[in-house]
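**Student:** Could you look at this predicted model? Sequence included:
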Amino acid sequence: MNIAVVMGGYSDESVISLRSGQLILNNLDKEKYNIYEIHILLEGWHAIVEDEKFPINKADFSFFDGFSTIHFDVILNTVHGTPGEDGHLQAYWELLEIPYAGCNYYQSSLTFNKRDTLSVLSKFNIPRAKSIYVSEGNIDFTYDDIVKELGLPFFVKPNQSGSSLGISKVHSKDEYEKALVFAFAEDKDILIESFLDGMEVSVGVLNYKGKTTVLGITEIVSHNAFFDYEAKYLGKSEEITPARISDEMTEKVKKTAIKVYDSLRMKGFSRAEYIIMNDEPHFIEINTNPGLSPQSIFPQQADYAKIPMKDLLDSEIELALHNKPIWKK
């Protein structure tokens, strides 16, 4: 089979995505598959073959390598942010009827939108932070209103953004004004959330061989005020797998993580963040294309679960082949 490993994207997360793509390229079974590196970047869509670039034909997502036209049997998508984590590429591939790994376009779009994800999960009684939704140019709340509603400190975050970009922890009115500017630089809609005082854990969940499976629970100890971009990617945190929690809490976190994954009708790799407060895991957010760079949590959890990344990718490809477009089901 011809396997396209798609990486890059149009956001600041493209650098992380390119690293994630390399991990997939290094772990796919080269005896089973013909593997192609595909870059989707603002400057263009290209297949990279022996350091040579070949443009992707967007009419059918193929490319001509000088000898023949290459079509793909399955796509492994590791684009972080737009257009690969917000549903755009998934909808495009679905129209072309090319099998792709991971969740479909609706789940991708839904989970990329923090407000809408929280709204859906509220119907399933998933504990979460209190929040206020604000659009640029239409702020009906004063700083004092927010403090009265959420208390101090609180978080300001873009509604649609990944890798903790644009997020601030606010302790004062001056910090609040700066946080708004910082968040609106990433998205025109933002969430303002109450601070949850507890242990942060990151949980890798996927559909492995047809069953919702928790890979591991990682405790996050940030050296910064919270688990921001520096903490995630520049070594400013400790990531401890398994998390230092009781067996009872481990089971509670696993049960909640599986409930969230299944309630959102997820497929493929995911990593969700929770804060354990008052003996309850509170949902923060879910990533449908978790980072797979050497510094990333998901590969660490795969090692902990003693499941080779090669086997996880084989499972993803097998599931993708059985994932038919909605109108064919």
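**Tutor:** Alright, I've got the coordinates.
**Student:** Low-confidence stretches in the stretch 151-300 of the chain?
**Tutor:** 162-164, 224-236 (pLDDT under 70).
**Student:** Do you know the pLDDT at residue 323?
**Tutor:** pLDDT recorded at residue 323 is 77.
**Student:** So it: helix, strand or coil?
**Tutor:** coil (DSSP: H, G, I helix; E, B strand; the rest coil).
**Student:** Cross-check the contact I'm expecting between it and residue 97.
**Tutor:** No. Residue 323 lies out of contact with residue 97 (C-beta atoms under 8 Å); the separation is 11.1 Å. To be clear about C-beta, it is placed using only N, CA and C from the backbone, and glycine gets the same treatment.
**Student:** and these two? which has more neighbours close in?
**Tutor:** Legend: neighbour count by other C-beta atoms under 10 Å for residue 323 and residue 97, higher for residue 323 (18 against 10).
**Student:** contacting residues for that one?
**Tutor:** The contact partners of residue 323, taken as C-beta atoms under 8 Å, 6 or more residues apart in numbering, are 99-100, 104, 267.
**Student:** pretty sure residue 214 is touching residue 256, no?
**Tutor:** No. Between residue 214 and residue 256 there is no contact under C-beta under 8 Å: 10.0 Å.
**Student:** Excluding residues flanking it in the chain, which one is nearest the residue nearest to the spatial centre of the chain?
**Tutor:** Geometric centre of the chain, nearest residue: residue 287, 2.3 Å, by C-alpha atoms, centre = their mean. Sequence neighbours aside, residue 271 is the residue nearest to residue 287 in space, at 4.9 Å (criterion: C-beta to C-beta, 6 or more residues apart in numbering).
**Student:** Can you tell me the element that neighbour falls in?
**Tutor:** Taking DSSP states H and E as the criterion, the element that holds residue 271 is strand 270-277.
**Student:** Partner strands of that strand, with direction?
**Tutor:** Sheet partners assigned to strand 270-277 using DSSP bridges are listed as strand 199-208 (antiparallel), strand 280-287 (antiparallel).
**Student:** Quick check: closest non-adjacent residue to residue 21.
**Tutor:** residue 7 (2.9 Å).
**Student:** count of residues packed around the closest residue to residue 9 other than its chain neighbours?
**Tutor:** Once flanking residues are discounted, residue 9 sits nearest to residue 79: 4.3 Å by C-beta to C-beta, 6+ apart. Residues lying near residue 79 (other C-beta under 10 Å) number 28.
**Student:** Give me the phi and psi for residue 24.
**Tutor:** phi -60, psi -50 (degrees, to the nearest 10).
**Student:** which one is it nearest to, not counting chain neighbours?
**Tutor:** Nearest to residue 24 is residue 5, by C-beta to C-beta, 6+ apart, at 5.0 Å.
**Student:** what's that neighbour in contact with, if anything?
**Tutor:** Counted by C-beta under 8 Å, 6+ apart, residue 5 has contacts 21, 24-25, 28, 35-38, 76, 78.
**Student:** repeat that for 6 Å
**Tutor:** Applying C-beta atoms under 6 Å, 6 or more residues apart in numbering, we find residue 5 in contact with 21, 24-25, 37, 76.
**Student:** Please apply the same query to residue 283.
**Tutor:** Counted by C-beta under 6 Å, 6+ apart, residue 283 has contacts 126, 128, 274.
**Student:** roughly how far apart are it and residue 255?
**Tutor:** 13 Å (C-beta to C-beta, to the nearest Å).
**Student:** same thing with residue 223?
**Tutor:** 30 Å.
**Student:** about what we covered before: spit out the contact partners of the residue nearest to residue 287.
**Tutor:** Here residue 271 is in contact with 202, 204, 287, 290, 298 (C-beta under 6 Å, 6+ apart).
**Student:** Residue 221 now?
**Tutor:** residue 238.
**Student:** in the sheet, who's paired with it?
**Tutor:** Going by DSSP bridges, residue 221 forms beta bridges with residue 238.
**Student:** in stretch 208-223, what counts as buried?
**Tutor:** By neighbour count on 16 or more other C-beta atoms under 10 Å, the buried set for stretch 208-223 is 208, 213-220, 222.
**Student:** how big is the angle separating the helix ranked longest in the chain from strand 199-208?
**Tutor:** In the chain, ranked by residue count with DSSP state H as the criterion, the top helix is helix 247-263. With axes from the mean of the first three to the mean of the last three C-alpha atoms, to 10 degrees defining the directions, helix 247-263 sits at 50 degrees from strand 199-208.
**Student:** Only the buried residues of helix 247-263, if you could.
**Tutor:** Within helix 247-263, the residues that count as buried by 16+ other C-beta under 10 Å are 249-250, 252-254, 256-261.
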